[in-house]
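Q: Got a predicted model here, sequence first, then my questions.
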Amino acid sequence: MMKVVGGPYDSVEVEKKVSLWWNQNRIFQKMVESKKGAELFRFLEGPPTVNGFMHVGHARGRAMKDVVLRYKTMAGYDVWRRAGWDCQGLPVELEVEKKFGISSKKEIEEKIGLQKFVEECQKLVDFYLNHWRNNSERLGLWLDYDLAYETRKRDYIEFVWWALKEADKKGLLTEDFKVVPRCPRCETSLSSHEVAQGYATTTDPSIYVKFPIQGKENEFIIIWTTTPWTLPGDEAVSIHPRNNYTKVSVRNEVWILAEQLVERVMKDLKVNQYKVIDVFPGKKLEGTKYIHPLLEEVPAQSEHKGKFDHAIICGEHVTLEEGTGCVHTAPAHGPEDFEIGKKYSLPIFCPVSGDGHFTSEGGKYAGLFVKESDSKIIADLEKKGLLLKASTLEHEYPFCWRCNTPLIYLADKQWFLKVESVKKRILEENKATSWVPDWAGSSRFEDWLANSGDWCISRSRVWGSPLPVWICQKCGNKHVVGTLKELTKEAKTLPENLDLHRPWIDEVVFKCGKCGEDMRRVEYVLDCWLDSGVAHSASIDYLKDKRLFEILYPYDFITEAIDQTRGWFYSLVFTGVILFDNSPYKRVLCQGLMLDRYGQKMSKSKGNVIWASEAMEKIGADPLRVYILWKSSPWDSLSFDYDETEQVKRWLSILWNIFSFATTYMNLDEFNPNELQIEKIKEHLRPEDRWLLSRTQSLVKNVTANLDALYLNQAIRDILTFITEDLSRFYIRLIRRRTWVEKKDPDKQAVYATLYESLSTILRILAPFAPYVSEELYQALVRSNDSNAPESVHMAVWPRAKDEWIDDELEANMALINDMLEKVYTSRQRAKLKLRWPVQTLYVSPLEEKVKRAVEALKEIFLDQANAKTLEILEAGEIPTSVNVRVDLNFQEAGPQFKEKIPEISSLIRKVDGRVVKQEVFKNGKYFLTLRNKEIVELSPNLLVFKEELPENLTASESSYSKIYLDITRTPELLAESLAKEVLRRAQIMRKEMNLKVDEYVDVAIKVLEDETLGTLQTVKNFLATEIRAQKLSILQKDLELSGEAYVKEWEIDGETITICITRLNKID
RNA sequence: GGGCCGGUAGCUCAGUUUGGUUAGAGCACACGGCUGAUAACCGUGCGGUCGGGAGUCCAAAUCUCCUCCGGCCCA
């Protein structure tokens, strides 16, 4: 027996029920089992950082993953879908710091202790990991969670080490300087993210300094700076190669600066008399040497004698918005300075230590805090006559977000993976990768790759994979550890039960192979992007057993948000090429970002974040998924708006109601889908049935193609349109009457077979998008009848489109019929004719031949839906005989052509029967008129105007395909039928209000006031009795005798009061 | 400053690859209708300088150039 889908659609309720059922019956495991041995589809899960909660943006990416994986599974693949979690990194540390009420690395070491701190990080990760797994499962994302990989696990870290050792063998692991923003008080470096949140307005010195040009008397290059303390570290002056520079004569001196800035600088320096003596492009200055302005104060500078040390160099980064266009360059104190310094092989001279004090290399300033040195340096410059002006400036400068200390940029030793030698391979591999959308790979990612520099992989933090590098304290010998085995075998001291994290790993000491001294670990941890970047192999036990690697690598598919261009997409391809010389992924779906309803980025500080758990509780996982997938292309940004999810819920409700309708009647009629397949009842299929079957197959075809192309929104949109337009709006409405027929009528059986076929197909293609509701409906419609059917819709086979069922002509004809029906409704509305009132005749005047064929083929549907008795199909361009057609000239067009002949032509053409002219014009494209002087005039359609004069009983409307005339004459028979339908409708409302079963019989009495009404109703008594399911039907003029079970209601119909009384026959149980 | 994405009705989006009839949907709003699957649904109406400017072309939302606004990434 068909299980009936009842009640209104309650997504949350359905999902609770289904997920319980899934768990109890181990459906996920069974699904996985059932695909063992099939062709593999290899998916690599990008591990979410398990820090913080899952928001709807995360849910979006996870919904996309799930759609693809479920689809591929149903399509017959054995899908590799191991879950993974990114556990380490700064965000976890920051949250733990907050928990302890501290805010710097220094405090971790001094107040908490590394061990306690790391243990707390582990606990926090446990907490969030649990949250993420629960919410992912609630969302319906089916991954293999039990075997999930975690970047904090021993085996995982071991692989990261192995990868670094491989990189080292290839000469790609190096130590180098990097300029990083640093808080001198917390003694820690800050990430760019941290820097961004600490900008504030502050007052700093603003000084102009003259740098004497070597070998020239009184010639200077003029620079401007707000950080005098960086002058001891100055190594060069940068100028823009393509901007013009000038030599300006001031008093007895020559100054060099950018042409464009001369006026402004002179004004600022209060120099009134000057003369520009030369103008030339900056490039010409390259290599010009100057004397370091603090050479005497900072003796270490005199050792810098390279080709470009203390020289003018060229840099595209030089702007002409402030200063002099000549930029003092200290490679150790600015990222841009550092970059250009490397290009010109300048020394990375950093006379400042991590706490912001000058070291002994700072000469005269040794021991001074940088900010305190500013005034001393200014005074020294003044003394030497090199200072042009010292004032102050208000500007934006970054401060430490924790302690509000101004940040300083310092060069620091860090570890890098070198990119140069592998870049070509990475670019090649990226070209071979399939990106959706294409531009994400071919433009955006390629641009990033082409411009990427060496990857700084070291972090001066605690909670991360430790850098596996040990350095000899004496001779500087370097030892990179690649495996645990190597560690345990070769270490000189090894703590018991070694945890690979800090602080335990820091206790491991090696003996130097060269000099025998102790080797200690370099106290860095690794960038967490390196952790996730090796997920391609670290997640599958590569070091222990390569079998999985051999079948999985490279993976078929990954999908993450567009911001992973610089993150995971990059770290994957980088490590893949380094280790295995190819990219770990073949295809990428790039996801857009999730914004709030106003298009603003969601952020905690704005307070506009929508958590996934909240959304799922509020609207349910299915509606959330469908909404997210439906609203925009996967790669476009999406503004999340709760109000809009209502629409999606309504659509799913329609689906639910369709099933409610279908299962109710199928159950009532004991329809058995297994006995009655389409093939068996083929000859009873009506055109609308064949149409629905055709539409269903077309839909399957489109959805499959869109899923293959990863146009997920197109796929779900097509499904939703089919459900609302084709099924609900059209087919169900059309076949409703056929389901009311008693007994096992083949015409009704055809409806059921058709509906069953279509609905069971829809469920399967909807399953990846809305897994819960699809399951619930599948269990009711399919599984309740067929114990041989797959246990779950997610174990069912993806439908293959049956081309032989697709009838393009039928679909096109039906579209034409619908177009015409719209016009009928328009006409009815104009004539104030309710659709419930039948009309006698409908004339169709097709404008194209195909319309005629469509109407002929689907005449019955057309009449039925239009509620008309007879249909007259006219020839193309023909007009019903009762319509008078008048023809006249289009004077605007005809005037210039015929000029003085116009009056005659006009009077002649008016006398002709317009119908004849119109038909002639329609057939031949022209009409010939003979004038009194025998001249023959050719009239083309654009010269003529036709005016139809409709008789009172006709109303007309026109579409691009046809013209429709409706005969609205109301005969007594039509009036009787109209009245019957009015009464019927009200009786049906009453039945519903009485909560009668659909097929329950009743007694009915109808009281009318007018004799005429009584007579009219008598003529349709049988019709009424059948439709209301009245065992006894009486139509009276006297008062009704009421029994206790009777339900009575008075109605106003066309100004007359009609009382309907319905009596229940069966007792209520 | 560079790269990429987007800008179409009050709102959310199609359409742009490949130029071609009157630029389409849904929501919202107004009016009307339908209803024994329906807290549903249907019709009609209202609503458009296709961000702006210039160009190419018989023809531009669509191609080219410039420009403005928003977003992401990089400097």
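A: Perfect, I can see it now.

Q: Within the helices and strands, which one has the closest residue to RNA strand B within chain A?
A: Closest approach between chain A and RNA strand B, counting by C-beta to the nearest atom of the strand: A:Arg991, at 1.8 Å. C-betas here are computed from N, CA, C, even on glycine. If you go by DSSP states H and E, A:Arg991 is part of helix A:972-993.

Q: Assign A:Gly323 to helix, strand or coil.
A: What DSSP: H, G, I helix; E, B strand; the rest coil gives for A:Gly323 is coil.

Q: Just give me the neighbour total for it.
A: A:Gly323: 22 surrounding residues under other C-beta atoms under 10 Å.

Q: okay, it: pLDDT?
A: A:Gly323 carries a pLDDT value of 83.

Q: Spatially nearest residue to it (excluding sequence neighbours)?
A: Closest residue to A:Gly323 apart from its sequence neighbours, by C-beta to C-beta, 6 or more residues apart in numbering: A:Trp224 at 3.7 Å.

Q: try A:Leu526
A: For A:Leu526, the closest residue by C-beta to C-beta, 6+ apart turns out to be A:Ser465, at 4.6 Å.

Q: returning to that earlier point: and for the helix or strand where the residue nearest to A:Gly323 lies, what are the contacting residues?
A: A:Trp224 is part of strand A:219-225 when elements are defined by DSSP H and E. With contact meaning C-beta atoms under 8 Å, 6 or more residues apart in numbering, strand A:219-225 is reached by A:206-213, A:231, A:237, A:247, A:253-257, A:265, A:285, A:288, A:290, A:312, A:322-324, A:326-328, A:388.

Q: Now do the buried residues in the helix holding A:Arg991.
A: A:974-984, A:986-987, A:990-991 (16 or more other C-beta atoms under 10 Å).

Q: where does the stretch 401-550 of chain A come near RNA strand B, residue by residue?
A: Within reach of RNA strand B by C-beta under 7 Å from any atom of the strand, the stretch 401-550 of chain A has these residues: A:Trp439, A:Ala440, A:Ser443, A:Arg444, A:Asp447, A:Trp448, A:Asn451, A:Gly453.

Q: can you give me the helices in the stretch 951-1069 of chain A?
A: Per DSSP state H, counting those that start in this stretch, the stretch 951-1069 of chain A carries helices over the ranges A:972-993, A:1011-1019, A:1021-1028.

Q: Name all residues that make contact with the residue lying closest to A:Lys289 once chain neighbours are set aside.
A: Once flanking residues are discounted, A:Lys289 sits nearest to A:Gln214: 4.1 Å by C-beta to C-beta, 6+ apart. When contacts are counted by C-beta under 8 Å, 6+ apart, A:Gln214 touches A:Thr288, A:Lys289, A:Tyr290, A:Ile291, A:His310.

Q: from those residues, which would you call buried?
A: The neighbour-count test (16+ other C-beta under 10 Å) applied to these identifies A:Thr288, A:Tyr290, A:His310 as buried.

Q: how many neighbours does the residue nearest to A:Gly323 have?
A: The number of residues packed around A:Trp224, counting by other C-beta under 10 Å, is 22.

Q: cool, the one 5 residues further on as well?
A: A total of 26 residues lie near A:Trp229 under the criterion other C-beta under 10 Å.

Q: From what I see, it and A:Lys371 are in contact.
A: Yes: between A:Trp229 and A:Lys371 there is a contact under C-beta atoms under 8 Å: 6.9 Å.

Q: Name the residues contacting each of those two.
A: In contact with both A:Trp229 and A:Lys371: no residue, using C-beta under 8 Å, 6+ apart.

Q: From the chain's centroid, how far away is the helix holding A:Arg991?
A: 50 Å (C-alpha atoms, centre = their mean, to the nearest Å).

Q: what's that helix packed up against?
A: Under the contact criterion of 3 or more C-beta pairs under 8 Å, 6 or more residues apart in numbering; DSSP states H and E, helix A:972-993 touches strand A:1002-1007, helix A:1011-1019, helix A:1021-1028, strand A:1046-1053, strand A:1056-1064.

Q: Please enumerate the helices of the stretch 351-500 of chain A.
A: A:370-383, A:420-431, A:438-439, A:446-451, A:484-490.

Q: rewinding a little: what angle do strand A:1046-1053 and the helix holding A:Arg991 make with each other?
A: 140 degrees (axes from the mean of the first three to the mean of the last three C-alpha atoms, to 10 degrees).

Q: Could you look up the next helix or strand downstream of the strand holding A:Trp224?
A: strand A:236-239.

Q: would you put the C-alpha positions of that following strand in PDB?
A: Provided in PDB are the C-alpha atoms of strand A:236-239 (Å, rounded to 0.1, in the frame of the first residue of the first chain):
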ATOM      1  CA  ALA A 236      69.900  53.500  -1.000                       C
ATOM      2  CA  VAL A 237      67.500  56.100  -2.300                       C
ATOM      3  CA  SER A 238      64.700  54.900  -4.600                       C
ATOM      4  CA  ILE A 239      63.400  56.900  -7.500                       C
END
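
Q: Do any residues in it lie close to RNA strand B?
A: No: Strand A:236-239 does not reach RNA strand B (C-beta under 7 Å from any atom of the strand); its nearest approach is 12.4 Å.

Q: Run through who's touching that strand.
A: Contacts of strand A:236-239 (C-beta under 8 Å, 6+ apart): A:211, A:221, A:223, A:245, A:258, A:282, A:285, A:290, A:308-315, A:317-318, A:325-329, A:337, A:340-341, A:344, A:346.

Q: same question, stretch A:289-309
A: For stretch A:289-309, the external contacting residues (C-beta under 8 Å, 6+ apart) are A:209-215, A:221, A:231-232, A:234-237, A:287, A:310-312, A:344-347, A:349, A:351, A:361-365, A:377, A:380-381, A:384, A:386.

Q: Within the sheet, what are the partner strands of the strand holding A:Trp224, with directions?
A: The strands beside strand A:219-225 in its sheet (DSSP bridges) come out as strand A:199-212 (antiparallel), strand A:253-258 (parallel).

Q: pLDDT weak spots in the stretch 551-700 of chain A?
A: The stretch 551-700 of chain A contains residues with pLDDT under 70 at A:605.

Q: Can you get me a residue count around the residue nearest to A:Leu526?
A: Considering only other C-beta under 10 Å, A:Ser465 is surrounded by 30 other residues.

Q: And it, its phi and psi?
A: Here is the backbone geometry of A:Ser465 (degrees, to the nearest 10): phi -70, psi 130.

Q: For it, give me its contacts.
A: A:Gln88, A:Thr151, A:Tyr156, A:Ile157, A:Val160, A:Trp161, A:Leu500, A:Val525, A:Leu526, A:Cys528, A:Leu530, A:Asp531.

Q: Most neighbours among the residues you listed, which one?
A: Busiest of those [other C-beta under 10 Å] is A:Gln88, holding 30 neighbours.

Q: Spell out, range by range, the strands that occur in the stretch 351-500 of chain A.
A: For the stretch 351-500 of chain A, the strands defined by DSSP state E, counting those that start in this stretch occupy A:387-398, A:408-417, A:434-436, A:455-456, A:458-459, A:469-472, A:478-480.

Q: highest average neighbour count across these?
A: Highest mean neighbour count of the strands of the stretch 351-500 of chain A: strand A:458-459, a mean of 23 (counted as mean count of other C-beta atoms under 10 Å).
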